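**Q** Give me a model of this one.
(2 chains)
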Amino acid sequence: MPLVSMTVNGERKSAEVEDRTLLVYFLRETLGLTGTHIGCDTSQCGACVVHMNGRAVKSCSIFARQADGADVTTIEGLARDGNLHPVQAAFREHHALQCGFCTPGMIMSALDMIRRGRANDRDAIRRELDGNFCRCTGYQNIVDAIEAAAREMAA
Amino acid sequence: MIPYAFNYHRAANLAEAQAMFARASEAKFLAGGQTLIPAMKQRLSAPSDLIDIGRLEELSFIKEREGSIVIGAGTRHGDVAASALVHGGIPALAGLAGEIGDPAVRNMGTLGGSLATSDPAADYPAAVLALAAEIITTRRAIPADGYFLGLFQTALEDGEIIAEVRFPVPRRAGYAKFRNPASHYAVVGVFVAEIDSTVRVAVTGAGPCVFRVPEMEEALRRNFEPVSVGGISVAEGDLNSDLHASAEYRAHLVTVMAKRAVAAAMTP
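**A** Now for the predicted structure:
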């Protein structure tokens, strides 16, 4: 089987994969990083969002081999020295999750929109969340959390 | 969901991509993969080989050339949506790119991939046809009017790769889309463009393939106002009917979206 190598959360990782292995399965099953979730598996729900070379992508719609040589960040890569990332902290503070299944993807998308300067107002945040489904919260608290995190990170 | 097995190849340049394609039996080119990979996961598509051209830098650019905006086929939707050049020259095109799928899809999906697939509900075909764009491939230049042939059918030959698309800068243009809230595809999308003294109207999502509406074009050429198209409807017999919308509803939406697209074009 071919070897793929990529940087995942700052660490160099290499493993043999089938050509048809999706990035999300590589992360979850080969590397054991199960924080990235598989929800719909039809590229709509966003539970599998990770960052590849600094951009939010759906890891269920990318083959691991496409990510060969890439720099990938998953939800496990956000906290530093035992401290939650500001977006994670805001989700906890604002009770932006109930079952938590969508949360890793929500947080990765939230961080991406904040970095692109698109989390300026509530309407923009909702538009930017187009590709992330939550079936519990009704989104209200997720929008609150992202708005607060954007303020916190700008300060 | 796991696709059927295939062989993956990453091409270093367009010449190598074409050689890899010629050696394989049932190959497909992989650009952003945002239509192809979901189809492969559902096992609706089963190529023997994927030739990855998604990272070719020679395909990723946006520039101005002789009154046109030229966009490399590998340019991501998100980059078109954020481009100051596209915003300045054809704001309706930047707006269209920014409404495709969702942010994560726009970070992978490409202009060339969308056009090569020619999904009946894709957005880009409407802009390409209404703007009378030219599709430049590894073999020739194809005018938009001769490119879209039918359901998932284009003028592309086996192994032919789209390199870039040349969009003439219109006097004004607008796009209006009634989008499916789950898939974000167009139930109906209408792109209206006024270029020199002509007007072109292209409809996506409604039929098996993007199409023009000559009656609306003539009415708008005489008077570029939403009211000009308000009384013109397309025949529902040729339109798609599925669980999202009946042909009758789609025909209704074509007129409504055309009015909104004209209104958008009139609002700078």
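**Q** Every contact and neighbour count from this point should use C-alpha atoms.
**A** Will do.
**Q** May I have the distance across stretch B:63-78, first residue to last?
**A** End-to-end distance for stretch B:63-78: 16 Å, by C-alpha to C-alpha, to the nearest Å.
**Q** for chain B, what are the nearby residues on chain A?
**A** Counting by C-alpha under 8 Å from any C-alpha of the partner chain, the residues of chain A lying close to chain B are A:19-21, A:41-44, A:49, A:55-58, A:61-62, A:65-66, A:109, A:128-131.
**Q** Kindly write the PyMOL command that selects the buried subset of those residues.
**A** Remark: buried members of the residues of chain A next to chain B, expressed as a PyMOL selection using 16 or more other C-alpha atoms under 10 Å in any protein chain shown:
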select buried, chain A and resi 19+20+21+41+42+43+44+49+55+56+57+58+61+62+65+66+109+128+129+130+131
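**Q** In strands only, show me the residues of chain A next to chain B.
**A** Applying DSSP state E to the residues of chain A next to chain B, the entries found in strands are A:49, A:55-58.
**Q** List the contacts of the residue in the stretch 101-250 of chain B that chain A sits nearest to.
**A** Relative to chain A, the nearest point of the stretch 101-250 of chain B is B:Ala104 (4.5 Å; C-alpha to the nearest C-alpha). When contacts are counted by C-alpha atoms under 8 Å, 6 or more residues apart in numbering or on different chains, B:Ala104 touches A:49, A:55-58, A:109, A:131.
**Q** after the strand ranked longest in chain B, next one along is what?
**A** Among the segments of chain B that qualify as a strand by DSSP E, the longest is strand B:186-195. Using DSSP states H and E, the helix or strand that follows strand B:186-195 towards the C-terminus is strand B:198-204.
**Q** Would you mind pulling the contact partners of that following strand?
**A** Here strand B:198-204 makes contact (C-alpha under 8 Å, 6+ apart) with B:120-123, B:125-127, B:129-131, B:186, B:188-194, B:210-214, B:216-218, B:220-221, B:254, B:258.
**Q** partners of B:Arg200 in the sheet?
**A** Taking DSSP bridges as the rule, B:Arg200 bridges to B:Ala193.
**Q** mind checking how far it is from B:Ser25?
**A** For B:Arg200, the distance to B:Ser25 - C-alpha to C-alpha - is 40 Å.
**Q** what domains does the record give for chain A?
**A** Structural domains annotated on chain A: A:3-77, A:86-154, as defined by automatic domain parsing.
**Q** and those as a markdown table, adding mean pLDDT?
**A** Conversion of the domains of chain A to a markdown table gives the following (pLDDT from 0 to 100):
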| stretch | mean pLDDT |
| --- | --- |
| domain A:3-77 | 97 |
| domain A:86-154 | 97 |
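**Q** In JSON lines, list the ones you listed along with distance to B:Phe21.
**A** Formatted as JSON lines, the domains of chain A follow (distance: least, C-alpha to C-alpha, whole Å):
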{"stretch": "domain A:3-77", "distance to B:Phe21": "17"}
{"stretch": "domain A:86-154", "distance to B:Phe21": "33"}
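**Q** just to revisit the earlier point, let me know the closest of the contacts of B:Ala104 to B:Gly112.
**A** Within the contacts of B:Ala104, proximity to B:Gly112 (C-alpha to C-alpha) peaks at A:Val57, which comes in at 18.6 Å.
**Q** on that earlier part again, of the domains of chain A, which is nearest B:Glu58?
**A** domain A:3-77 (17.4 Å).
**Q** Next one: the spatially most central residue of chain A from A:Cys45, what distance?
**A** Centroid-nearest residue in chain A, with C-alpha atoms, centre = their mean: A:Met108, separated by 3.0 Å. Applying C-alpha to C-alpha, the value for A:Met108 to A:Cys45 is 13 Å.
**Q** Sitting in helices, which of the residues of chain A next to chain B do you find?
**A** Under the assignment DSSP state H, the residues of chain A next to chain B contribute A:109, A:128 to helices.
**Q** wait, doesn't A:His94 sit right on A:Ala145?
**A** Yes: contact criterion C-alpha atoms under 8 Å: A:His94 and A:Ala145 qualify, at 5.5 Å.
**Q** Would you mind pulling the contact partners of the longest helix anywhere in chain B?
**A** The helix that spans the most residues within chain B, counting by DSSP H, is helix B:247-266. Applying C-alpha under 8 Å, 6+ apart, the external contacts of helix B:247-266 come out as B:92, B:172-178, B:187-193, B:201, B:203, B:206, B:224-227, B:229-241.
**Q** how does it look with 6 Å?
**A** Residues external to helix B:247-266 that are found in contact with it (C-alpha atoms under 6 Å, 6 or more residues apart in numbering or on different chains): B:172-176, B:190, B:206, B:226, B:233-234, B:236, B:239-241.
**Q** Can you tell me which of the residues you listed has the largest number of neighbours?
**A** B:Val190 (34 neighbours; other C-alpha atoms under 10 Å in any protein chain shown).
**Q** Give me the phi and psi for B:Arg23.
**A** Dihedral angles of B:Arg23 (phi, psi; degrees, to the nearest 10) stand at phi -80, psi -20.
**Q** and the gap between whichever residue of chain A sits closest to chain B and A:Leu22?
**A** Residue of chain A nearest chain B, by C-alpha to the nearest C-alpha: A:Val57 (4.5 Å). Plainly put, A:Val57 is 12 Å away from A:Leu22 if you go by C-alpha to C-alpha.
**Q** All good on my end, thank you.
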